[in-house]
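Asker: This is a predicted model, with the sequence first.
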Protein chains: 2
Amino acid sequence: MHKKRTGIHDVAEAAGVHPSTVSRVLNPRTRGLVSQAVAERVEALAGKLGYSADPVASGLRTRRSATVGVLIPDIANPVFPLILRGIEATLGEAGYTAIIANTDNDTARAGAALARLAARRIDGAILATATRRDPLIAQCRSFGLPTVLVNRAADSGKVSAVIVDDRAGIALAVEHLFALGHRSIGHVGGPGNISTGQARRAGFLAAIKAHGLAPPAVAMAESYSIAAGERACAQLLGMKRHISAIVAANDLLALGCYDELKRRGLACPREVSVTGFNDMAFADRFDPPLTSVRIPHRLMGAEAARLLLAQIANPRAPIQEIKLLPELAVRGSTARRK
Amino acid sequence: MHKKRTGIHDVAEAAGVHPSTVSRVLNPRTRGLVSQAVAERVEALAGKLGYSADPVASGLRTRRSATVGVLIPDIANPVFPLILRGIEATLGEAGYTAIIANTDNDTARAGAALARLAARRIDGAILATATRRDPLIAQCRSFGLPTVLVNRAADSGKVSAVIVDDRAGIALAVEHLFALGHRSIGHVGGPGNISTGQARRAGFLAAIKAHGLAPPAVAMAESYSIAAGERACAQLLGMKRHISAIVAANDLLALGCYDELKRRGLACPREVSVTGFNDMAFADRFDPPLTSVRIPHRLMGAEAARLLLAQIANPRAPIQEIKLLPELAVRGSTARRK
DNA sequence: ATACTCTATGCAATCGATTGCATGACGATA
DNA sequence: TATCGTCATGCAATCGATTGCATAGAGTAT
């Protein structure tokens, strides 16, 4: 019934050598210490017996696990699975496995998840959950854990991060709307304590100014959710009469705008144009299809994994912030101003 | 810098007892072996020193890890994150952690992922990837791994599963279309090697028959994807002229139908009604909003976790197949027949 | 007082691999 | 031939907890 796993001991016995020799053969770093002949014999036998090292035992001794923790704020938000793909692909190539933890946007839960992962000896962490001043980052440092942020950066700049050029992304959206004749553009911003919320807002203000437009209307949502977007949109529309276009900081917020506009009987895009950010899966299926700033999800994940692996290999690797360039996916939610 | 973790040894020393005593105190099962007084002292000290057992070391000895592997065919399909939520919540309450592995619908990848997880000593597996005759199930058994299927069942019936009553779900859809006056209804089916594809097809045929309708048109998609749905829909429309409604086996297939209908200039729902299955996130946002069979995602995940925990606690627990009842979410993709 | 049980705790092996140190064999050099 | 160095391999400690067995001491029965 239970086929007992073949251990290093079995291989050693079969090859007539000591377990430590087998260990050395199978570890590329120590492979050179063993004679060619023995090494080949051991390798052949290991293959034949289907041996593979027990990661638990070896992790106990080496304090490493070939495992990386990934903290996701909300796995149901279709942006993150795409980023995950990139992370998993790159980690996989290097023989690492990602362990995903979902935090439901809850700081306490995130801390607990990180502690659990650290106890399991993850070799590094990728945080997609970071707020601008995030205690999680200090927690990682106190664990001595190589860490990379993805999608969201931290103010401190003391951690590597792979993000999108938020200002450039928003500029694309404003540019596009301006070209369509819009002159009164509002912004439904993201949470101020998250880097993307802050940077996109700043980018919006800068872009508006660059086009010499009227002092802009801005309403900040308290979270990246449809409901918060709806509320912020209501606030925005209450402030100023003639907003003809809304730049939302995120696709979910844009969906909230859809809802609020509909509630007020304002047609999108005929009366009000809307843009999103992230170009999440199915954004092209919405009604109307959402014009959105497209970010290179997969690449972002891959780069984050790459940085992390470098940091694991060399803990003194320099801190880097990689900013990727977004594009604009133009769809049906934006139209020429009447 | 590196605060060295407090080990069982430190606690023992502080309490003036042997490490084994500490271990006994902290393990509820052996707690009774230790005198009240010592137990309390040890417990207090463990708390004060912030001790928690190293799961790697204890896993090595006990061959258990308080960890469960979850195989997901496609994490980017918004159905699965919802199921995951239920799984994680229930596992979490019991002190277990889910380790998620994404297989991208690839059998080989799934096998490799399972092997990796097994090597990490997962205590059980939840498979959302099962095909009707899945070698993965045998693999789990050969590992002696408690296993539960979720969302998809296996033909053999030798493994517990939590699924939706597919036939009942399809019956709801057909019922609804019938009530709207449709008499010529086609089916875009799912892959025949997956239980849902097979059961929904059977359910469709049964429901059509029950309403005494014309011999039905059916086209099977080779995978649960938009592209496959589009192709199957094309095939379906090629077969019969006057299909006024399509029951798709899955929301992605329904989206494929949207595309094919649009390509042919057929308006949905004015000329052809479409129903989906799963009621995935954002289905209400599609154009038109998709009428879909809603499954209790969260409950499904929770029940699967519950069954698995029971099986872990008692490996001889009986095999169960839990069938949950779906509802119909009626939206804009279905309309009265002209 | 002796034998006997029982309880609480310590001892040491164990899980499966890794790794610093020791040692033996062999060849080279003087 | 003696000495030394090098290379290949074995030995045993270690990672941190768990657990079967041993034992000291308290308590009870005879």
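Answerer: Right, received. Where do you want to start?

Asker: Now do the contacts for whichever residue of chain A sits closest to chain B.
Answerer: Residue nearest to chain B within chain A: residue A:287 (3.5 Å; Cβ to the nearest Cβ). (C-beta placed from N, C-alpha, C; glycine too.) Applying Cβ atoms under 8 Å, 6 or more residues apart in numbering or on different chains to residue A:287 gives the contacts A:258, B:285-289.

Asker: 10 Å instead, please
Answerer: A:258, A:262, A:268, A:332-333, B:284-289, B:332 (Cβ atoms under 10 Å, 6 or more residues apart in numbering or on different chains).

Asker: Which of the three states applies to residue A:199?
Answerer: With DSSP: H, G, I helix; E, B strand; the rest coil as the basis, residue A:199 sits in helix.

Asker: What pLDDT does the model give it?
Answerer: Reading off the confidence values, residue A:199 has pLDDT 97.

Asker: In chain A, mark out all the strands, start to finish.
Answerer: All strands of chain A, identified by DSSP state E, fall at A:67-72, A:97-102, A:124-127, A:147-150, A:160-164, A:185-189, A:217-220, A:245-248, A:273-278, A:291-294, A:321-324, A:327-329.

Asker: Low-confidence regions, chain A specifically.
Answerer: A:1-4, A:240-241 (pLDDT under 70).

Asker: near DNA strand D, which residues of it?
Answerer: Residues of chain A lying close to DNA strand D by Cβ under 7 Å from any atom of the strand are A:16-21, A:24, A:33-39, A:57, A:60-61.

Asker: In ChimeraX, how would I select just the buried ones from those?
Answerer: Command for ChimeraX that selects the buried part of the residues of chain A next to DNA strand D, burial taken from 16 or more other Cβ atoms under 10 Å in any protein chain shown:
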select /A:17,21,24,34,38,39,60
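
Asker: re the thing from before, from the strands of chain A, which stretch is densest packed?
Answerer: A comparison of the strands of chain A by mean neighbour count, using mean count of other Cβ atoms under 10 Å in any protein chain shown, puts strand A:245-248 on top with a mean of 32.

Asker: Stretch A:17-25 close to chain B?
Answerer: No - counting by Cβ under 10 Å from any Cβ of the partner chain, chain B is not contacted by stretch A:17-25; separation bottoms out at 16.0 Å.

Asker: Let's see that stretch as CSV, backbone CA atoms only.
Answerer: Backbone C-alpha positions of stretch A:17-25 (Å, rounded to 0.1, in the frame of the first residue of the first chain) are rendered in CSV as follows:
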residue,chain,number,x,y,z
VAL,A,17,28.8,4.5,-0.5
HIS,A,18,28.0,6.7,2.5
PRO,A,19,24.9,8.9,2.5
SER,A,20,27.0,12.0,2.7
THR,A,21,28.6,11.1,-0.6
VAL,A,22,25.2,10.8,-2.2
SER,A,23,24.3,14.1,-0.8
ARG,A,24,27.4,15.7,-2.3
VAL,A,25,26.8,14.2,-5.7
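
Asker: can you list contacts of it?
Answerer: Residues from elsewhere that reach stretch A:17-25 (Cβ under 10 Å, 6+ apart): A:7-15, A:30-35, A:38-43, A:45-46, A:51, A:53, A:58, A:61.

Asker: Leaving aside the residues adjacent along the chain, what's closest to residue A:321?
Answerer: residue A:161 (5.0 Å; Cβ to Cβ, 6 or more residues apart in numbering or on different chains).

Asker: For residue A:165, the count of nearby residues, please.
Answerer: 17 (other Cβ atoms under 10 Å in any protein chain shown).
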